[in-house]
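Novice: I need the structure of the sequence given here:
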Amino acid sequence: MVHKVVFLPSGKEADARDGQILSDVARAAGVRIPLPCGGAGRCGRCKVSVNGTEVLACKHEVRGDITVTVPVRDRDVVAASDRRPLELDDLTPVSDGLALAVDIGTTTIALSILDSGSGTELYSATDVNGQRAVGDDVLSRIQYASEGGTDDMRGMVLRSINALVSNAPFDGVIESVYIAGNTTMEHLFLGIDPTLIREPPYMPVVERKEVTGKQSGLDVADDARVLTMPCVAAYVGGDITADIVYAGMDRAEGMCLLIDVGTNGEVALGNRDLMVVCSSSAGPAFEGGNLKSGMIARKGAIDSIRIVKDTVRYTVIGGGEPEGICGSGIVDLIAALFSSGAVDRRGNLRPGPNVKDGRFIVCGDIGISDAEIKDVIMTKAAIYSAARTLVRSMGLQFSDLDKVYIAGGFGNYIDMRSAIIMGMFPDVDESKYVYLGNSSLGGAKHALLSQTFRDRIEEVFPRMTYIDLGSDPVFYDEYTAAQFLPNTDASQFPSVRY
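Specialist: Now for the predicted structure:
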């Protein structure tokens, strides 16, 4: 038996088999419903209205003709640009005409269109990666690919990119493209099944590739050059290669640490003489995933929090009433709760005026539970312990570092004091920290315009040594030790009291 399904507000229609899961019907119809937990029914973020009744799309079976109202989500995404202006050693573009730089993140896609002749940025835009419809993290995407979903996800990312390009307020043919992203994202863009990268020896199926515009599926010239940034390992991709060169680590004399904060917690340590890299799966907690009140950084998201006595103070992106908490707000909240004594080192909430039914309430029904706090602690532990392991592997301490670079869209908005207090970043002098913003996109832009920058990529990539943390006993010890909030003095955070 076949049933008719109408999706609102898009008006799209689809036929569904009797008993077919609603989220599968939506995906086939091109309707985006987020599945942060991969369709396990845990997160509750795929709620839709079916004939006026709220259901989970990942669990609801279609048993008749229905009208489905899908809430409008993930609009007005706030994403970090690269913080530095284009600083080119030379203007030697990949081709003439317009050039397109793209950062394919697990959560968001950011792009820029450049004038190759002048090196001027003409347009930039950001939106959610359409692949979130099948899960928030890389492993859920790989699992979906292993079940025959590679082409489906390639179509999702191409539609996301092409939609952003189509909104550019000018006409012109794009003659060159540089793609940067983690290894899985680059594989899926190319239509390559990434399933093998999750198996030993955990290496990319292809390190990099160049295709024509026609082969790429992008709305660019048929003969455009489309290049991907080289990936060194299964979970250290072209985005980290771009980060390293954009930051200038490959030219630095002193030892530098780079932390790319996102769904994957990639870390690099090095200078002009050596470069070691690793990855520790951080998960989507800092990008809104797995938290009942979590959301990506967009209008309506709480992006900073302070607790003064019994009062919770916060700011909201775009002003107005808050809808949830994005990553920077989550970091602030954990730091404030810990510094004020509202949670212990294990993340357990203590009784207090803002604790109700096992949740600390920020406002309305927006808050965080014990279990969610512990999930965030595990996430920060993965990031911190990866950095600590690399530094120890070189016989160094954090105090020996010359610079600490923070990359990634989320990293652009973190309050450094909060991140240090909760034990996510090393406790070093804040003057050593450098925010890079979206250095993956910045690297792609520079690579499109400068032969010197492209040469630096070719020079540093072969000497990037990958360390597999999964088989490293030092990492295991560090990760175990980091699964607590650190001993800290609340005076470091004087505005916070409970």
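Novice: After the helix or strand containing Arg306, which helix or strand is next? Please name it.
Specialist: Counting by DSSP states H and E, the element that carries Arg306 is strand 301-308. Where DSSP H and E defines the elements, the next helix or strand beyond strand 301-308 is strand 311-316.
Novice: could you pull out the strands for the stretch 51-200 of the chain?
Specialist: 53-56, 66-69, 98-104, 108-115, 120-128, 174-181 (DSSP state E, counting those that start in this stretch).
Novice: Need the residues that contact the longest one.
Specialist: The contact list for strand 120-128, computed with CB atoms under 8 Å, 6 or more residues apart in numbering, reads 32, 74, 77-79, 81, 86, 98, 107-115, 160, 163-164, 167-170, 296, 445. Placement of C-beta: from N, CA and C, glycine included.
Novice: Just checking: what are the partner strands of that strand?
Specialist: Strand 120-128 pairs in its sheet with strand 108-115 (antiparallel), by DSSP bridges.
Novice: Throw the strands of the stretch 51-200 of the chain into a markdown table and include mean neighbour count, thanks.
Specialist: Listed next are the strands of the stretch 51-200 of the chain as a markdown table, based on neighbours: other CB atoms under 10 Å:
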| stretch | mean neighbour count |
| --- | --- |
| strand 53-56 | 14 |
| strand 66-69 | 18 |
| strand 98-104 | 28 |
| strand 108-115 | 24 |
| strand 120-128 | 18 |
| strand 174-181 | 27 |
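Novice: Of those, which is nearest Val5?
Specialist: Of all the strands of the stretch 51-200 of the chain, it is strand 66-69 that lies closest to Val5, at 5.6 Å by CB to CB.
Novice: tell me which strands and helices that closest one is in contact with?
Specialist: With contacts taken as 3 or more CB pairs under 8 Å, 6 or more residues apart in numbering; DSSP states H and E, strand 66-69 sits against strand 2-8, strand 47-50.
Novice: can you put those strands in JSON lines and add mean pLDDT?
Specialist: Listed next are these as JSON lines, based on pLDDT from 0 to 100:
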{"stretch": "strand 2-8", "mean pLDDT": "88"}
{"stretch": "strand 47-50", "mean pLDDT": "86"}
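Novice: Dump these to CSV, plus distance to Ala482 and mean neighbour count.
Specialist: Conversion of those to CSV gives the following (distance: least, CB to CB, whole Å; neighbours: other CB atoms under 10 Å):
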stretch, distance to Ala482, mean neighbour count
strand 2-8, 44, 16
strand 47-50, 34, 17
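Novice: Of all the ones you listed, which one is nearest Ile373?
Specialist: The nearest among the helices and strands packed on strand 66-69, by CB to CB, is strand 47-50 at 23.3 Å.
Novice: Off-centre distance for that closest one?
Specialist: Remark: strand 47-50 is offset 27 Å from the chain centroid, using CA atoms, centre = their mean, to the nearest Å.
Novice: do the same with stretch 391-402
Specialist: Worked out by CA atoms, centre = their mean, stretch 391-402 lies 26 Å from the chain centre.
Novice: Can you list the residue ranges for strands in the stretch 201-350 of the chain?
Specialist: So, for the stretch 201-350 of the chain - with DSSP E, counting those that start in this stretch - the strands run 210-212, 225-228, 256-260, 264-270, 275-281, 301-308, 311-316, 324-325.
Novice: And the ones you listed: which comes nearest Asp243?
Specialist: Nearest to Asp243 among those is strand 256-260 (5.7 Å), distances taken as CB to CB.
Novice: The closest one packs against which elements?
Specialist: Against strand 256-260 (3+ CB pairs under 8 Å, 6+ apart) you get helix 238-247, strand 264-270, helix 370-393, strand 403-407.
Novice: how about the helices in the chain?
Specialist: For the chain, the helices defined by DSSP state H cover 22-29, 138-144, 150-166, 183-190, 213-216, 238-247, 327-339, 370-393, 416-421, 439-449, 451-460, 473-481.
Novice: possible to save the ones you listed as a markdown table with mean pLDDT and distance to Arg63?
Specialist: Formatted as a markdown table, the helices of the chain follow (pLDDT from 0 to 100; distance: least, CB to CB, whole Å):
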| stretch | mean pLDDT | distance to Arg63 |
| --- | --- | --- |
| helix 22-29 | 87 | 10 |
| helix 138-144 | 93 | 25 |
| helix 150-166 | 96 | 25 |
| helix 183-190 | 98 | 33 |
| helix 213-216 | 98 | 41 |
| helix 238-247 | 97 | 44 |
| helix 327-339 | 94 | 38 |
| helix 370-393 | 94 | 33 |
| helix 416-421 | 93 | 48 |
| helix 439-449 | 97 | 45 |
| helix 451-460 | 98 | 54 |
| helix 473-481 | 92 | 46 |
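Novice: Could you check those helices and tell me which one is nearest Val206?
Specialist: Nearest of these (CB to CB): helix 183-190, 7.2 Å.
Novice: So which other helices or strands are in contact with that closest one?
Specialist: Using 3+ CB pairs under 8 Å, 6+ apart, helix 183-190 sits against strand 98-104, helix 138-144, helix 150-166, strand 174-181, strand 225-228.
Novice: would you list the helices of the chain in TSV and tack on distance to Pro200 and mean neighbour count?
Specialist: Output for those, formatted as TSV (distance: least, CB to CB, whole Å; neighbours: other CB under 10 Å):
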stretch	distance to Pro200	mean neighbour count
helix 22-29	31	20
helix 138-144	15	22
helix 150-166	21	18
helix 183-190	15	27
helix 213-216	31	18
helix 238-247	21	29
helix 327-339	32	28
helix 370-393	19	22
helix 416-421	33	22
helix 439-449	27	30
helix 451-460	26	16
helix 473-481	17	16
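Novice: which one of those lies closest to Pro353?
Specialist: Using CB to CB, these put helix 327-339 closest to Pro353, at 13.1 Å.
Novice: now the angle between strand 301-308 and that closest one, please.
Specialist: Computed with axes from the mean of the first three to the mean of the last three CA atoms, to 10 degrees, the direction of helix 327-339 lies at 20 degrees from that of strand 301-308.
Novice: any idea how far helix 327-339 is from the chain center?
Specialist: 19 Å.
Novice: how far off helix 370-393 does it point, in degrees?
Specialist: 100 degrees.
Novice: For helix 327-339, list the C-alpha coordinates in CSV.
Specialist: C-alpha atoms of helix 327-339 as CSV (Å, rounded to 0.1, in the frame of the first residue of the first chain):
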residue,chain,number,x,y,z
GLY,A,327,28.9,26.0,21.7
SER,A,328,30.4,29.1,23.1
GLY,A,329,27.5,29.4,25.5
ILE,A,330,27.9,25.8,26.6
VAL,A,331,31.6,26.4,27.4
ASP,A,332,30.7,29.5,29.4
LEU,A,333,27.9,27.7,31.2
ILE,A,334,30.1,24.7,32.3
ALA,A,335,32.9,27.1,33.4
ALA,A,336,30.5,29.3,35.4
LEU,A,337,28.8,26.3,37.0
PHE,A,338,32.1,24.9,38.1
SER,A,339,33.7,28.1,39.3
